[in-house]
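A.B. asks: have a look at this prediction, sequence included:
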Amino acid sequence: MVTAERKPSLVVIQLSGGNDAMNTVVPYTNGIYHDSRKAIHLTEEHVLDLDGTLGLNPSMGPMKSIWDTGKMAIINGIGYPKPNRSHFRSMDIWHTAESDHIADSGWLGRTIRELDPDGNNVITGINFGRGLPRALHCKGVPVASVGNLETYGLMPDIADRMTRELAVDVFARMYGPDDTRDAVLQAIGETGMGAYLGADILRAAPKAYSSTVEYEAEVPIAQSLRDISQVMLAELGTRVFYTQHAGYDTHAGELENHAKLWHELSTAVNDFLADLEEHGRGDDAVVLIFSEFGRRIRDNGSGTDHGSGGVAFVLGNSVKGGFYGEYPSLEPGEQVEGDMRFNNDFRGTYATLLDQWMGIDPHTVLDGNYEQFDMIRR
Amino acid sequence: MVSKDVQLMAHLMRRAGFGTSRERLDELVDQGYDETVEQLLDAVDHPSRFTDNLIRRYHSEYSGMMGNQSAGANWMYRMVSTDAPLREKIGLMWHGMFATGYSKLANGKVLHDQIRMFERHGMGSFKNLLIELSKDPAMIVWLDNSENHNGAINENYGRELLELFSMGVGNYTEHDVKEAARAFTGWTIGNTEYMTLKSMRDSVWPYGRLSFHFQYKADDHDNGEKEFLGHRGNLNGEDIVDIICKQPAAAAFLSRHMYSFFVADEPPVPEWPYKPPRDQAAIDALSKVYFESDYNVTEMLRFLFKSDFFMSEDARYQRVKSPAELMAGVLRLTGEFDRPKIDMNPTHLQATYMGQWLLNPPSVEGWHWGTEWIDSGALVERVNFASERLGNLDSPGVRTIVDRILSGNSGTLTAEALVGSALEELSINVVSDKTRSALIDFAKAQLDQPAAAPASGSENGDAARKQVANVLKLVGATPEFQRA
């Protein structure tokens, strides 16, 4: 059975579509902001003030409360050189941590390889969602992808419980060791047993779980974070958790849509941390929230188009709360083709989390030296 | 037990296409093996397929004109519905070999166009195909040939043309790479700066995108003397391709790709310099046909499908199905996409979940195949997809299969007979004792269920169908079903 020893876990939440950094952490005292965002600006009476010049989006109340306890880092001006405004390419850069060429493995896949070099635990890394994001991909590294923890596993479409149990048993027999088979079928068999065992281990998690925290129903990100909490609390040895929150491509109707997204996300993250705290596990997890890029400084009448320079968040009991990076200047001369100029490489944040939190030499995962923030309490 | 002729025909159809129904196999055996090979080689989809018109009118979501997903759904629909399966199948080979991806292009239309280019040119002369590839707008942007200028070369395309597309490492020098790049200066897309900027900057347009267009800019072409693989002269791109095609290394490289794709999995390409081919004689024989036929791919395929090394029982089930092959095979059997349906958009994404995001390979190296297709997450997706679809009695193809099994086993249906028929219907003719006995135990449990007890006619029939469908599900979940 897997280890019950407590080790630091990393929870990564990807905001898909390009989160608008300027309407997330709002420079509400800046005249250029209000001039550029005629249709969708947020004013002083709405934002949740952080320091007299910056304020959170009004829908981020639950995260503001985390900020107030000093457990939330806001990394302003995060990005990489030569910004790419294609969703796919930019996300790929964040996933692989390679901005100059197309790489073949993801930074978290490489992280999992460092954590469990022999692949002893098939659920050291788990993605909550369908299909494996590139961030988790690495040759020879088993990673589970869980759409829904309640139904996760083999042949979930078989409605009849007895039939399904029998079918899964038959699956395990078919994929079990058989030395009469050729090497390829044996390899497929071993992978099948890994999948079967992973599903078997994970099946226990929801049963063992109880909590007074009520995550929002019908909100996928809330349910994913609840699934993550269940697996973390079951102490199955999982160290890297990944999930996505989609819909941030706010070309239109931004005020309303963006607020809804951040309400969902900040509520879910706050519930998640409270859930861990309730079970005495608040010290064991750090959450990273990132997006592939920010958006244009000037709005387009109802939303914003793809830009550069973004914001990331790191949260948890072990996080030294506060601002990191610089809030990019909005002065016309400082803009990059109408966007905010990045001032810290996202790989510096990756290096910080790997080194200070996960205890992994960043060089085993990242190609190059990146300046770290002093962000984690040790 | 299935006759040897049927087994051989099933093998041909799994490899030269995406498999076919057991019913169709009998017809093909009657018509003969050689005749079937000829049909596969000759078949072309009608240029104005009725369904193409339906897609353009009613299914813009996969017209191929929009983003990556619409182009991918379009291709999957084509694989499932085509009457010329070999053309789509070899398109998958070229897509893996000349891997071009949405991640950089952000333009589904040019990728769609590239796949259609494979359909038009992918079974003719390899030389012609390489020239078309060098002019392909998606490829030009993907490998930066639009940045390859007279006096300021960008080696990306020149290098990959030699390394990944035609000869493999070890058969050329760094000098050859530079000279090839020089020869391809001026091979670019029209309005280059505007088009590349566009692809970097904007998001998906509601009505699709402008396609890029090839343009040869004579004033940006390096007309100086070049030396490439021992040939000297004012070489242009066509000359480079011509010289490449004459190399024994090119013949061996293409032959090994074709062997791996149609006969038996070879290791992934990066291992080729260090691992000899599984069957050197087969590679040599294919190379000979390559030169004798003026690099003609159809002639190579004709030779391959009629060769002993292909027809031999040793070649059966020696390939791991790629996600696209597995999906297209299942969906052709279930018949659920007998016409364009909106459900193809979410359905084709299943290949992505299984590790093959069509039109968005992980890099220019394409996907690694064989057992590398199957990691634990991918296997769960493969098993769940195949078992769900193959056991769904709402699909016309599944109903046909189930009724064939029931009517072919009149009297008492034994578990052994049920499993035997189900394996045969899903084109699995070789199965381990372990798999068979597990399936038989499952079938027994199905047949013993009280639902099989006599009831009124149709209900009883439905219960019996359900039992058979459940066994089909499990056959779709076998380790054997992962291979073709």
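C.D. replies: Nice, thanks for sending it over. Residues are numbered from 1 along each chain as shown, chains lettered A, B, ... in the order given.
A.B. asks: before we move on, what SS does B:Glu227 have?
C.D. replies: Following DSSP: H, G, I helix; E, B strand; the rest coil, B:Glu227 is assigned to strand.
A.B. asks: now swap in the one 5 residues further on and tell me
C.D. replies: Recorded secondary structure, B:Arg232: strand (three-state DSSP).
A.B. asks: now for the nearest residue to it once chain neighbours are set aside: which residues touch it?
C.D. replies: Distances taken as Cβ to Cβ, 6 or more residues apart in numbering or on different chains place B:Glu225 nearest to B:Arg232, at 6.3 Å, with adjacent residues excluded. All C-beta atoms are positioned from the backbone trio N, CA, C, and that covers glycine. Residues in contact with B:Glu225 (Cβ atoms under 8 Å, 6 or more residues apart in numbering or on different chains) are B:Arg232, B:Gly233, B:Asn234.
A.B. asks: any chance of these in JSON lines, plus pLDDT?
C.D. replies: Formatted as JSON lines, the contacts of B:Glu225 follow (pLDDT from 0 to 100):
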{"residue": "B:Arg232", "pLDDT": "97"}
{"residue": "B:Gly233", "pLDDT": "97"}
{"residue": "B:Asn234", "pLDDT": "97"}
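A.B. asks: which one of the residues you listed is nearest B:Asp52?
C.D. replies: In terms of Cβ to Cβ, no member of these lies closer to B:Asp52 than B:Asn234, at 43.1 Å.
A.B. asks: got the contact list for the closest one?
C.D. replies: B:Asn223, B:Gly224, B:Glu225, B:Lys226.
A.B. asks: at 7 Å what do you get?
C.D. replies: B:Asn223, B:Glu225 (Cβ atoms under 7 Å, 6 or more residues apart in numbering or on different chains).
A.B. asks: give me the phi and psi for it.
C.D. replies: phi -80, psi 80 (degrees, to the nearest 10).
A.B. asks: how close does it get to chain A?
C.D. replies: B:Asn234 sits at a distance of 32 Å from chain A (criterion: Cβ to the nearest Cβ, to the nearest Å).
A.B. asks: show me the contact partners of the helix or strand containing B:Ala180.
C.D. replies: B:Ala180 belongs to helix B:174-183 when elements are defined using DSSP states H and E. The contact list for helix B:174-183 (Cβ under 7 Å, 6+ apart) reads B:148, B:153-155, B:157-159, B:161-162, B:222, B:226-229, B:235-237, B:239-240.
A.B. asks: the helices in chain A, which residues?
C.D. replies: Taking DSSP state H as the criterion, chain A carries its helices at A:31-36, A:61-68, A:87-96, A:107-115, A:161-175, A:183-208, A:220-233, A:254-278, A:346-352.
A.B. asks: and those as a markdown table, adding mean pLDDT, distance to B:Glu132 and mean neighbour count?
C.D. replies: Output for those, formatted as a markdown table (pLDDT from 0 to 100; distance: least, Cβ to Cβ, whole Å; neighbours: other Cβ atoms under 10 Å in any protein chain shown):
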| stretch | mean pLDDT | distance to B:Glu132 | mean neighbour count |
| --- | --- | --- | --- |
| helix A:31-36 | 96 | 47 | 14 |
| helix A:61-68 | 98 | 53 | 18 |
| helix A:87-96 | 88 | 25 | 23 |
| helix A:107-115 | 97 | 36 | 24 |
| helix A:161-175 | 95 | 44 | 18 |
| helix A:183-208 | 90 | 35 | 19 |
| helix A:220-233 | 96 | 44 | 24 |
| helix A:254-278 | 96 | 44 | 20 |
| helix A:346-352 | 98 | 39 | 23 |
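A.B. asks: can you redo those helices as a markdown table with distance to chain B?
C.D. replies: Below are these laid out as a markdown table (distance: least, Cβ to the nearest Cβ, whole Å):
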| stretch | distance to chain B |
| --- | --- |
| helix A:31-36 | 18 |
| helix A:61-68 | 27 |
| helix A:87-96 | 4 |
| helix A:107-115 | 11 |
| helix A:161-175 | 4 |
| helix A:183-208 | 4 |
| helix A:220-233 | 15 |
| helix A:254-278 | 14 |
| helix A:346-352 | 17 |
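A.B. asks: so which of the ones you listed gets nearest B:Ala16?
C.D. replies: helix A:183-208 (21.2 Å).
A.B. asks: ok and that closest one relative to helix A:161-175, angle-wise?
C.D. replies: With axes from the mean of the first three to the mean of the last three Cα atoms, to 10 degrees applied, the angle from helix A:183-208 to helix A:161-175 works out at 150 degrees.
A.B. asks: for helix A:183-208, the distance to its chain's centre please.
C.D. replies: 25 Å (Cα atoms, centre = their mean, to the nearest Å).
A.B. asks: got the angle between it and helix A:220-233?
C.D. replies: Using the same axes, to 10 degrees: helix A:183-208 against helix A:220-233 is 100 degrees.
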